[in-house]
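> Following is a predicted model, sequence given first.
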Number of protein chains: 2
Amino acid sequence: MNILLVGVGLIGGSFSLALKHRSDLTFGGFDKSEEAQGKALELGIVSKGFASLKEGINWADIIVVSVPVKAIKELIPQILDEIHPNQIVVDFGSTKEAICTSASTHPNRGQFIAGHPIAGTEHSGPSAAFGELYREMNLILCDTNLTDSDKLKTFEVLSRDAGFSIIHMDSREHDKHLAYISHLSHITSFALSCAVLQKEKDGEVILDLAGSGFASTVRLAKSSPSMWSSIFMENKEMVLKGIEAYKEELEKLKELIEMNKEEKLEKYLERGREIRRILE
Amino acid sequence: MNILLVGVGLIGGSFSLALKHRSDLTFGGFDKSEEAQGKALELGIVSKGFASLKEGINWADIIVVSVPVKAIKELIPQILDEIHPNQIVVDFGSTKEAICTSASTHPNRGQFIAGHPIAGTEHSGPSAAFGELYREMNLILCDTNLTDSDKLKTFEVLSRDAGFSIIHMDSREHDKHLAYISHLSHITSFALSCAVLQKEKDGEVILDLAGSGFASTVRLAKSSPSMWSSIFMENKEMVLKGIEAYKEELEKLKELIEMNKEEKLEKYLERGREIRRILE
């Protein structure tokens, strides 16, 4: 089976590396960055590089699109225009509603699968890809009632082989939850990094005084700016709601400190600490 | 040499465990939680438990206080009242200005060392302590010009033996920097956790959709509420300034999303990503 990776970075590249044990699969790549495409060939993420998307599509059985979400939204209908009836098109973008909408009325909608791997690191590009990234991680598949069941099944088997557990979800629900659980984490991390960099002009001081806690909290600020600006814009409505809700919490905390309400402050922190019960 | 740990949790306990190789040291403990004191004895963090602080002080050569900062501020002058001229009193609190002020005019000020280990985890109590916590970490010592130089030297040798590198700093400067680099990280993490818990009543959904990024960003929200409410209150003025600066950054980010300024948004995120250069 021929799998075309459109975008050969962390997300697409790791999908290939996670399936190295499947000798029946051949991975090809198309990336608008020639450098990335060269690197993916060098690292064995793909064994074929295509000069044009069209060439790649003609060659592939399955097309997996892992590029910034704004580009995915534009690419999916174009790819669906080009394919023959046996091909499968998948996207691995972090927002799902706008992408699903872009394909919803397409005559080939049944050949499309909207996916979101709940896995990643703050690094990007082919060199960041690794075969263990998806092990025991969730792959969210959205609006799968609109996908042909045989094609869905083929792709689910492949995904489980890459290490994923599969969860089905409505695309709007997905974006609503992700705004809080993932996108807001990135927002708070980027804002924290900017606040600290704005205040602390001397990197040496940051390095001297930063414990592992600071590193952990700003880790996501190292993520790809183009990928995340695209995600924030695509999920704009819900991300803005998330920021509002977050600002309210911040305001509560600030007021408790301002008013010297130490006992209530401790209770507030106890409430935040409840996240332990869920994550551990 | 006899070292009394006042507070036998993560911070005090790890100091003892980091010095296990020094057979000339005996660690004793006093903790207002009998349970913690029992646990510290059981884990070999201390080999003696004292029923009263006074008893412990009488026995010790060096007294290391690692309890919430508000309690430290009250304890230090009391302990300085009790000691004889050869004893050394150290605190390991995360804020320094108020603590230094509480001791500044004490006749025994020369016997006091104000320290802050830049190390920790989100866990607390004696069971969280481990001997590697301080390896290659910084210990900030504040206003050391007010400490007798022979006592300072004795304690610095001990600290380096526990794995620390030592940095000297003015206590007010310390608190100003820490408000941004550490305290603000905790604030943003607690607020994020509360915002998500408020919105997502179903823990299962959080678990399904939370990648390692979310876990990393809310990790600090698992920290001890009593310890951190105390820190926020003790460093109130600067923490509030930090929150204000952070809110401004958040507002900028929100506006860029609201106004669909994707290019500027990407530039903003690029700025946040600069933290890589410093931390890596």
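Received the coordinates, thanks.
> Pop the domain breakdown of chain A in here.
Domain assignment for chain A by automatic domain parsing gives A:2-170, A:174-279.
> tell me which parts of the stretch 51-200 of chain A are close to chain B?
A:70, A:118-122, A:137-138, A:140, A:167, A:177-178, A:180-182, A:184-200 (C-beta under 8 Å from any C-beta of the partner chain). Where C-beta positions appear, they are placed from N, C-alpha and C, glycine not excepted.
> Filter those down to the buried ones.
The neighbour-count test (16 or more other C-beta atoms under 10 Å in any protein chain shown) marks A:70, A:118-122, A:137-138, A:140, A:167, A:177-178, A:180-182, A:184-197, A:199-200 as buried among those.
> Which ones among those residues lie within helices?
A:70, A:177-178, A:184-197, A:199 (DSSP state H).
> Show me where the stretch 51-200 of chain A has its helices.
A:53-59, A:69-82, A:97-103, A:149-161, A:171-178, A:184-199 (DSSP state H, counting those that start in this stretch).
> Which neighbouring elements make contact with the last one?
Here helix A:184-199 is seen to pack against helix A:212-218, helix A:225-234, helix A:236-258, helix B:184-199, helix B:212-218, helix B:236-258, helix B:262-273, helix B:275-279 when contacts are counted using 3 or more C-beta pairs under 8 Å, 6 or more residues apart in numbering or on different chains; DSSP states H and E.
> Just name the most buried of those helices.
helix B:184-199 (a mean of 25; mean count of other C-beta atoms under 10 Å in any protein chain shown).
> circling back: could the helices of the stretch 51-200 of chain A go into a markdown table alongside mean pLDDT?
Shown next, in a markdown table, are the helices of the stretch 51-200 of chain A (pLDDT from 0 to 100):
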| stretch | mean pLDDT |
| --- | --- |
| helix A:53-59 | 98 |
| helix A:69-82 | 97 |
| helix A:97-103 | 97 |
| helix A:149-161 | 98 |
| helix A:171-178 | 96 |
| helix A:184-199 | 96 |
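> which one of those helices lies closest to residue B:260?
Evaluated over the helices of the stretch 51-200 of chain A, closeness to residue B:260 peaks at helix A:69-82, with 11.5 Å, by C-beta to C-beta.
> Which elements pack onto that closest one?
The contact analysis (3+ C-beta pairs under 8 Å, 6+ apart) places helix A:69-82 against helix A:53-59, strand A:62-65, strand A:88-91, helix A:97-103, helix A:225-234.
> just so I know, which of these lies nearest residue B:161?
helix A:225-234 (44.0 Å).
> right, is that closest one up against chain B?
Yes - under the criterion of C-beta under 8 Å from any C-beta, helix A:225-234 makes contact with chain B via A:225-226, A:228-230, A:232-233.
> Turn the helices of the stretch 51-200 of chain A into CSV, columns for distance to residue A:216.
Shown next, in CSV, are the helices of the stretch 51-200 of chain A (distance: least, C-beta to C-beta, whole Å):
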stretch, distance to residue A:216
helix A:53-59, 39
helix A:69-82, 26
helix A:97-103, 30
helix A:149-161, 29
helix A:171-178, 21
helix A:184-199, 10
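> Could you single out the most deeply buried of these?
Of all the helices of the stretch 51-200 of chain A, helix A:184-199 has the most neighbours on average by mean count of other C-beta under 10 Å, namely a mean of 25.
> Might you calculate how far that one sits from the centre of the chain?
On the basis of C-alpha atoms, centre = their mean, to the nearest Å, helix A:184-199 sits 20 Å off its chain's mean C-alpha point.
> Please export the C-alpha coordinates of the helix or strand that comes right after that helix as PDB.
On the C-terminal side of helix A:184-199, the closest following helix or strand by DSSP states H and E is helix A:203-209. What follows is helix A:203-209, C-alpha atoms only, in PDB (Å, rounded to 0.1, in the frame of the first residue of the first chain):
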ATOM      1  CA  GLY A 203      18.800  35.600  29.900                       C
ATOM      2  CA  GLU A 204      21.500  34.700  32.400                       C
ATOM      3  CA  VAL A 205      19.200  35.700  35.300                       C
ATOM      4  CA  ILE A 206      16.300  33.600  33.900                       C
ATOM      5  CA  LEU A 207      18.700  30.600  33.600                       C
ATOM      6  CA  ASP A 208      20.000  31.000  37.100                       C
ATOM      7  CA  LEU A 209      16.500  31.300  38.700                       C
END
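> what's near enough to touch the residue most central in space within chain A?
Chain A has residue A:94 as the residue nearest its centroid, 3.8 Å off, counting by C-alpha atoms, centre = their mean. Neighbouring residues of residue A:94 by C-beta atoms under 8 Å, 6 or more residues apart in numbering or on different chains: A:69, A:116, A:178, A:182-183, A:227, A:231.
> so which pair among those residues is furthest apart in space?
Farthest pair in those (C-beta to C-beta) is A:178 and A:227. Separation: 13.9 Å.
> before we move on, the earlier item: among the domains of chain A, which comes closest to residue B:131?
With C-beta to C-beta as the measure, domain A:174-279 is the member of the domains of chain A nearest residue B:131 (16.3 Å).
> Can you get me the start-to-end distance on the closest one?
19 Å (C-alpha to C-alpha, to the nearest Å).
> Equivalent analysis for stretch A:46-58, please.
For stretch A:46-58, the end-to-end distance is 16 Å (C-alpha to C-alpha).
> Stretch A:143-152 now?
Start-to-end, stretch A:143-152 (C-alpha to C-alpha) is 11 Å.
> Could you do stretch A:2-19 as well?
Start and end residues of stretch A:2-19 are separated by 12 Å (C-alpha to C-alpha).
> returning to that earlier point: want to throw the contacts of residue A:94 into JSON lines with distance to residue A:100?
Shown next, in JSON lines, are the contacts of residue A:94 (distance: C-beta to C-beta, whole Å):
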{"residue": "A:69", "distance to residue A:100": "12"}
{"residue": "A:116", "distance to residue A:100": "11"}
{"residue": "A:178", "distance to residue A:100": "14"}
{"residue": "A:182", "distance to residue A:100": "18"}
{"residue": "A:183", "distance to residue A:100": "17"}
{"residue": "A:227", "distance to residue A:100": "19"}
{"residue": "A:231", "distance to residue A:100": "15"}
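> Just the pLDDT at the nearest residue to residue A:257 once chain neighbours are set aside, thanks.
Spatial nearest neighbour of residue A:257, excluding adjacent residues (C-beta to C-beta, 6 or more residues apart in numbering or on different chains): residue B:232 at 5.3 Å. Per-residue confidence (pLDDT) for residue B:232: 97.
> quick revisit: among the helices and strands packed on helix A:184-199, which is nearest residue A:154?
Set against residue A:154 and scored by C-beta to C-beta, the helices and strands packed on helix A:184-199 come closest in helix A:225-234, at 27.4 Å.
> next one: that closest one to chain centre, how far?
Put simply, helix A:225-234 sits 10 Å off its chain's centre (C-alpha atoms, centre = their mean).
> can you check stretch A:47-59 too?
From the chain centre to the centre of stretch A:47-59 is a distance of 24 Å (C-alpha atoms, centre = their mean).
> first vs last residue of that stretch, how far apart are they?
13 Å.
> where does chain A dip in pLDDT?
By pLDDT under 70, chain A contains no weakly predicted segment.
> coming back round to it: could you measure from the residue nearest to the centre of chain A over to residue A:233?
12 Å (C-beta to C-beta, to the nearest Å).
> swap in residue A:16?
Distance, residue A:16 to residue A:233, by C-beta to C-beta: 28 Å.
> and if you look at residue A:166?
Residue A:166 sits 28 Å away from residue A:233, going by C-beta to C-beta.
> With residue A:278 instead?
Going from residue A:278 to residue A:233 by C-beta to C-beta gives 29 Å.
> cool, and residue A:193?
Separation of residue A:193 from residue A:233 (C-beta to C-beta): 20 Å.
> then stretch A:6-18 to CSV, C-alphas only?
Extracted in CSV, the C-alpha atoms of stretch A:6-18 (Å, rounded to 0.1, in the frame of the first residue of the first chain):
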residue,chain,number,x,y,z
VAL,A,6,1.6,15.7,2.6
GLY,A,7,3.7,17.5,5.2
VAL,A,8,6.6,15.4,6.4
GLY,A,9,7.2,17.0,9.8
LEU,A,10,6.7,15.8,13.4
ILE,A,11,3.2,14.6,13.0
GLY,A,12,3.3,13.0,9.5
GLY,A,13,6.8,11.8,9.9
SER,A,14,6.1,10.0,13.2
PHE,A,15,3.2,8.2,11.5
SER,A,16,5.6,6.7,9.0
LEU,A,17,8.2,5.8,11.6
ALA,A,18,5.5,4.2,13.8
